[in-house]
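Enquirer: What would the 3D arrangement of this be:
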Amino acid sequence: MARIVVVGGGIAGTAAALALQKAGHEPTVHEAHPETDADIGAFMTLASNGMRALAGFDAARAVAGVGFDVTRMNVLDAAGTELAAVPLGEHDRPLARYRCLRRAELAAALRAEARRRGIDLRHAARLTGVTETDTTVTARFADGTTATGDLLVGADGLHSTVRAWLDPDGPGPAYAGQRVFYGYSDTAPRAAAPGLITMVRGSAAAFGYLVPPTGRTHWFARVPGPPLGPGERARTTPAQWRARLEPLLRPDRTPCADIVAGTGDDLMVTDALHLPPGGRWRGRRTVLIGDAAHAASPATGQGASMALEDALVLAKALRDTPALDAALARYEHHRRPRAEQNTAASARLTAARPAEDTRGGADTRRAADGGSDEALLRLLDWNTPL
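Expert: Got it, this is the predicted structure:
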């Protein structure tokens, strides 16, 4: 049994702790934010590959109790013409269906499952430094405490402190070329139905919306343009953001502008960021997972699912390969090509102007489902050796 220090208590870190415990190790999770950290309210969709990864370490059922199933996708152009209609996920496997939920709900469900399994979760533990030797690795925190283990897992997100220590000259976060709006609207399009996600290739924005079985319409918009200016997000009200976005959507013959008009204060804006590939993922006793290693822009919607895959594959690598250096190399061998492929695919979708993309639903679906195939299914099967 190895003592494993997990830095970051979000989706990637908590999932890693669950998977590592199942592999027979003793993880402890250290999260910088207090447990009462505010939820900004953004929603996300977990694809079937993410749900399968959760199932690998017995957490899919806990997550399936939150949010709602997404079973179909249609794609519209700016004129409202349907370009494609495709099924999503594995309908015959309830725990492998696409699931829409708020990001904070997923993190909370994973934390609750970790606590139920007796995993130690420590909040308000902000990392300040790492010391790595041939035999141990020690994390130092701002409150003066330390944690020593056999391995440190850096799961501390896009602005990772662990990555900055491990790879100080490597690439850092970069603007991906779009602002992303999220909101919840009282307007439900007449043609919408539970389980359906509609993707709209508008003239000025890529737009998506879902109507849950109960509740308000969930929507997002990806708008090309410059990044947010210093303090712009803090000083701009939801009404002002709405007034900027709605005119971009109004010329199209789609329900998007009306959905935005029906949104109140539940409207958020952020920059789409990504991590250029090529950075270092591991040291002697340190390894990166999730956005700390390979953050993609949100166009493919695969960020959380990729992090869950990382957690599972890392645990399997450590389970199946006794030597630590060989295990970490095996993890990177299986994960880097796939993660960087997703980053590149997301970058291509982000760079394309929405109205110029006329490829229909097949490419969108392949990006969204993470490219599921037999090799991936074997990789995500806990009982199949790595």
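
Enquirer: For Leu376, what is the enclosing helix or strand?
Expert: helix 374-379 (DSSP states H and E).

Enquirer: Pull out the buried positions in that helix.
Expert: 376, 379 (16 or more other CB atoms under 10 Å). Every residue, glycine included, has its C-beta placed from N, CA and C.

Enquirer: My reading is that Thr148 lies in a helix. Confirm?
Expert: No: applying DSSP: H, G, I helix; E, B strand; the rest coil, one finds Thr148 to be strand, outside a helix.

Enquirer: I figured Glu35 hits His123, correct?
Expert: Yes: applying CB atoms under 8 Å, one finds Glu35 in contact with His123, separated by 4.6 Å.

Enquirer: More neighbours: which of these two?
Expert: His123 (15 against 11; other CB atoms under 10 Å).

Enquirer: I'd guessed the more buried one sits against Gly10; true?
Expert: No: assessed by CB under 8 Å, His123 is found out of contact with Gly10, at 11.7 Å.

Enquirer: Now do the helices in the protein.
Expert: For the chain, the helices defined by DSSP state H occupy 11-22, 48-56, 60-64, 103-116, 161-166, 232-235, 238-249, 256-261, 291-294, 303-320, 324-351, 361-368, 374-379.

Enquirer: right, so of those helices, which gets closest to Arg222?
Expert: helix 324-351 (7.2 Å; CB to CB).

Enquirer: Show me which residues of the closest one are buried.
Expert: Result for helix 324-351 [16+ other CB under 10 Å]: buried residues 324, 327-328, 330-332, 334-335, 338-340, 342-343, 345-347, 349-350.

Enquirer: How about stretch 65-80?
Expert: Buried, per 16+ other CB under 10 Å, within stretch 65-80: 67-78.

Enquirer: Stretch 9-17 too?
Expert: Applying 16+ other CB under 10 Å to stretch 9-17 flags 9-17 as buried.

Enquirer: Could you do stretch 139-155 as well?
Expert: For stretch 139-155, by 16+ other CB under 10 Å, it's 139, 141, 147, 149-155.

Enquirer: okay, and for the stretch 1-150 of the chain, where does confidence drop off?
Expert: 36-40 (pLDDT under 70).

Enquirer: Let me know how buried the closest residue to Ala62 other than its chain neighbours is, in neighbour terms.
Expert: Spatial nearest neighbour of Ala62, excluding adjacent residues (CB to CB, 6 or more residues apart in numbering): Glu113 at 4.5 Å. Residues lying near Glu113 (other CB under 10 Å) number 21.
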